[in-house]
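Novice: Any chance you could fold what I've pasted below:
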Amino acid sequence: MSIMLSVTAQHAVRALSVLAGLPDGVLLLGRELAGRAGIPANYLSKILCVLGSAGLIDATRGSGGGYRLQKPAGEIRLIDIIDLFEHNRATTHCFLDGSRLCSQAERCTAHRAWHELDCAMNEFLRTTTLADMAKDPMNDRDFAHE
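Specialist: Coordinates of the predicted model:
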């Protein structure tokens, strides 16, 4: 697995992190969510469709409508989101040659370190929730100007 996430998975986590930061009962319009998360609105609509089908968000149409989390942010783990968009996560590609699989039988010189990094990343995704992301003070910073 490449430890880098697809743009779509990154956008999904960002959008849900914005929703996780909303007060209870507050809905956010799609265009406002797109602006706050820095995601093109048409791209976000496709992501929201997947997230809705997975039961992670509610969508309400009409006046006063918008999006919100379907369950508490503390119950949504990053792995629940990432697995919706990263279909080949279980496949570990070689760090030194991404075109081949890296395994115990065919190890590259970076295999052990890459395997440890992969395990750490998976543990992070399994144990980190949207609530953890929403309370991270680094999320309040504007990284566009760094």
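
Novice: host element of residue 58?
Specialist: strand 57-60 (DSSP states H and E).

Novice: List the strands paired with that strand, with their directions.
Specialist: Applying DSSP bridges, strand 57-60 is found paired with strand 66-69 (antiparallel).

Novice: Average pLDDT for the top helix by length along the chain, rounded please.
Specialist: Longest helix in the chain, counting residues (DSSP state H): helix 111-127. Per-residue pLDDT over helix 111-127 has a mean of 82.

Novice: List the buried residues in the helix or strand that it is followed by.
Specialist: Toward the C-terminal end, the helix or strand that comes next after helix 111-127 (DSSP H and E) is helix 130-135. For helix 130-135, the neighbour count (16 or more other Cβ atoms under 10 Å) marks 130, 131, 133, 134 as buried. The way it works is simple: take the backbone N, C-alpha and C, and place the C-beta from them, glycine included.

Novice: From those, pick the one nearest residue 57.
Specialist: Nearest to residue 57 out of these is residue 130 (Cβ to Cβ; 11.0 Å).

Novice: That closest one contacts residue 70, doesn't it?
Specialist: No: at 11.5 Å, residue 130 does not count as touching residue 70 under the criterion of Cβ atoms under 8 Å.

Novice: How far off centre is the helix or strand where residue 48 lies?
Specialist: Element membership for residue 48, per DSSP H and E: helix 41-53. Relative to the centre of its chain, helix 41-53 is centred 13 Å away, using Cα atoms, centre = their mean, to the nearest Å.

Novice: just checking, what packs against that helix?
Specialist: The contact analysis (3 or more Cβ pairs under 8 Å, 6 or more residues apart in numbering; DSSP states H and E) places helix 41-53 against helix 7-20, helix 30-37, strand 57-60, helix 78-85.
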